[in-house]
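# pasting the sequence and the predicted model now:
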Amino acid sequence: MYKVGITGGIGSGKTTACKVFEVLGIPVFYADTAAKEIMTQDTLLIEGVKAAFGNESYFEDGKLNNKHIAGIVFNNEQALSQLNALVHPAVFRAFDAWEATIPATVPYTLKEAAILFESGSYKLCDTTILVTAPYEVKLKRLMQRDGVTEEQVKARMDKQLSDEEKSKMANHFIVNDEQQSIIEQVLALHQEFLNAAEEFKNGKA
Ligand SMILES: CC(C)(COP(=O)(O)OP(=O)(O)OC[C@H]1O[C@@H](n2cnc3c(N)ncnc32)[C@H](O)[C@@H]1O)[C@@H](O)C(=O)NCCC(=O)NCCS
Ligand SMILES: Nc1ncnc2c1ncn2[C@@H]1O[C@H](COP(=O)(O)OP(=O)(O)OP(=O)(O)O)[C@@H](O)[C@H]1O
């Protein structure tokens with residue numbers, strides 16, 4: 001099946017864009033959400049995370065202590081690589097299992113991942129979308145959504161490629177600023193992907 005990867009820096013609006021695709025009937029795999037689910041379900045992974053970042057990585061009820069892990073990994077390059085190496089292979093497997101459940105009548109699927117380019121998972125997609133928004137707009141939206149500080153946002157941005165670098169690798173763009181309509185941009189891309197998916201299917205037949 002034709003696979004579209006969608007990414008964007010923290011707070012760029014990738015999830016918001018995905019919700020519009022979902023309204024159009026396109027199934028979306030949310031890699032960040034899947035990662036968190038797997039991290040509370042996969043016993044081997046849980047042991048690995050505890051060994052690397054301490055037992056306090058989980059609460060007593062088994063829930064993930066996001067803040068504890070984020071406090072370590074977004075301030076330490078090596079720790080982040082260690083977490084990625086533990087989690088990413090499991091997320092790749094979860095995506096494959098999810099894709100296998102999608103009916104053949106679906107024209108294409110979307111994989112949303114914050115670090116699509118950084119993790120290399122863009123290579124498994126047929127095309128990619130980069131969602132961008134100006135720094136001030138992202139910051140305002142994140143502070144409103146999560147009550148985070150500018151410092152916390154910057155710490156994550158520092159661990160991701162810049163929009164300029166990601167632009168060189170992306171095939172399509174959504175500009176999610178305060179002027180342009182995200183809905184219209186998604187509708188235009190959807191039409192492009194329907195055509196591309198049809199060609200892809202014919203090429204395989
Ligand atoms: C460190 C964790 C526990 C922090 O949880 P938290 O709820 O605070 O953040 P959340 O997962 O919602 O991510 C929010 C944003 O942080 C940034 N971010 C998350 N993981 C990463 C990463 N590995 N590298 C760079 N930035 C990241 C992204 O911009 C993302 O959109 C969590 O992000 C995590 O487990 N990350 C490792 C798994 C991973 O790489 N996920 C991303 C794609 S699979
Ligand atoms: N065009 C828009 N107009 C107004 N608010 C928006 C717009 N796009 C996104 N937002 C808001 O900005 C916040 C961040 O958007 P969203 O969650 O889609 O970003 P994200 O890139 O998925 O974030 P993260 O990197 O944290 O996963 C949300 O609260 C969302 O409702």
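Nice, I can see it. Ligands and ions are numbered 1, 2, ... in the order given.
# contacting residues around the worst-scoring helix or strand of the chain on mean pLDDT?
Across the helices and strands of the chain, mean confidence by mean pLDDT, DSSP states H and E is lowest for helix 150-157: a mean of 91. Contacts with helix 150-157, where a contact means CB atoms under 8 Å, 6 or more residues apart in numbering, come from G9, I10, G11, F74, N75, K138, L139, L142, M143. In short, each C-beta sits where N, CA and C put it, glycine included.
# restrict those to those near ligand 2?
The residues of those that also fall near ligand 2, by CB under 6 Å from any ligand atom, are I10, G11.
# what's the next helix or strand after the least confident helix or strand of the chain packed up against?
Using DSSP states H and E, the next helix or strand after helix 150-157 towards the C-terminus is helix 163-169. Packing partners of helix 163-169 (3 or more CB pairs under 8 Å, 6 or more residues apart in numbering; DSSP states H and E): strand 127-132.
# so what touches the strand it packs on?
Contacts of strand 127-132 (CB under 8 Å, 6+ apart): 2, 4-9, 12-14, 17, 116-117, 122, 163, 166-167, 169-176, 189, 193, 196.
# and the least confident helix or strand of the chain, is it in reach of ligand 1?
Yes: under the criterion of CB under 6 Å from any ligand atom, helix 150-157 makes contact with ligand 1 via R156.
# with stretch 57-67 instead?
Yes: counting by CB under 6 Å from any ligand atom, ligand 1 has neighbours in stretch 57-67: N66.
# first-to-last residue distance for that stretch?
9 Å (CA to CA, to the nearest Å).
# okay, now the domains of this structure?
Per the record, the chain has its domains at 1-27+107-200, 32-101, by automatic domain parsing.
# start to end distance for the first one?
Going back to what we said before, that points to domain 1-27+107-200. Across domain 1-27+107-200, the terminal residues are separated by 8 Å (CA to CA).
# neighbours of L124, how many?
13 (other CB atoms under 10 Å).
# does the closest residue to L124 other than its chain neighbours belong to a helix or a strand, and which?
Among residues not flanking L124 along the chain, K3 sits closest, at 6.9 Å (CB to CB, 6 or more residues apart in numbering). According to DSSP H and E, K3 maps onto strand 2-8.
# counting by contacts, list what whichever helix or strand comes after that strand packs against.
Using DSSP H and E, the helix or strand that follows strand 2-8 in sequence is helix 14-23. Applying 3+ CB pairs under 8 Å, 6+ apart, one finds that helix 14-23 makes contact with strand 2-8, strand 28-30, strand 108-112, strand 127-132, helix 182-204.
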